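*Asks:* sequence first, then the predicted structure, then my questions.
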Amino acid sequence: MVTAPKRDPEAFRPANQRGAARLAAVQALYQMDVGRATLEDTLAQFGSFHLGREIEGEQYLPADADFFRQIVSGVAKHQLAIDPAVDQALAANWPMERVDATLRAILRAAGFELLRRKDIPARVVITEYVDVARAFYEDDASGLVNATLDSLARAAGDDLTATK
């Protein structure tokens, strides 16, 4: 299992329960991808052991467990549509297969929200997952996430300038 590295708490907005659910969903999707864990096992493990608890010295923030399950289950159910859409949104020289597992998990989770959860403004989804990328990477991965999700949202017909 992967956990977010310890970062300067002043550098990021405090995580809300949905933000914590998104971070946990990325971790669960990573575990499913790399560890070949089943959806049922992953949901049970995270629901019972990870959300809002301390494990091996890492404090997991209280998360919206239902929202976490919606993201992870939604990615599993719609991955055959999400992956090609993300692949199209990625830069031509960065196909989905070339993206590392953590970044793939971030893009899949965000892709699910952008493509299937029209009740959540695209700009909110993009901002939240750029923050998740910053929790895992110190390089320009957050820029790649931002550009890819912006492209994906526009392809899905979202107006990123609208206020809701």
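*Replies:* Perfect, thanks for sending it. Please read all numbers here as calculations on a predicted model, not as lab measurements.
*Asks:* pretty sure residue 150 contacts residue 126?
*Replies:* Yes: at 6.3 Å, residue 150 counts as touching residue 126 under the criterion of Cβ atoms under 8 Å. All C-beta spots, glycine's among them, are computed from the backbone N, C-alpha and C.
*Asks:* so for those two, which sits in the more crowded spot?
*Replies:* Neighbour count, other Cβ atoms under 10 Å: between residue 150 and residue 126, residue 126 has more, with 23 against 18.
*Asks:* where does the chain have its least confident helix or strand?
*Replies:* Least confident helix or strand, the chain: strand 54-55 with a mean of 42, by mean pLDDT, DSSP states H and E.
*Asks:* what ranges does the chain have for its helices?
*Replies:* Using DSSP state H, the helices of the chain run over 17-35, 39-45, 65-89, 101-116, 122-136, 141-155.
*Asks:* just name the most buried of these.
*Replies:* helix 101-116 (a mean of 25; mean count of other Cβ atoms under 10 Å).
*Asks:* contacting residues around residue 111?
*Replies:* Taking Cβ atoms under 8 Å, 6 or more residues apart in numbering, we find residue 111 in contact with 75, 82, 83, 85, 86, 149, 152.
*Asks:* for the spatially closest residue to residue 152 that is not a sequence neighbour, give its distance to residue 99.
*Replies:* Take residue 152 and drop its neighbours on the chain: the residue closest to it by Cβ to Cβ, 6 or more residues apart in numbering is residue 89, 4.0 Å away. Going from residue 89 to residue 99 by Cβ to Cβ, to the nearest Å gives 11 Å.
*Asks:* let me have the helices of the chain in TSV, extended by mean pLDDT.
*Replies:* Listed next are the helices of the chain as TSV, based on pLDDT from 0 to 100:
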stretch	mean pLDDT
helix 17-35	91
helix 39-45	87
helix 65-89	95
helix 101-116	97
helix 122-136	95
helix 141-155	94
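*Asks:* out of these, which comes closest to residue 95?
*Replies:* helix 65-89 (5.9 Å; Cβ to Cβ).
*Asks:* so that closest one versus helix 141-155, what angle?
*Replies:* 80 degrees (axes from the mean of the first three to the mean of the last three Cα atoms, to 10 degrees).
*Asks:* which strands or helices does helix 65-89 pack on?
*Replies:* helix 17-35, helix 39-45, helix 101-116, helix 141-155 (3 or more Cβ pairs under 8 Å, 6 or more residues apart in numbering; DSSP states H and E).
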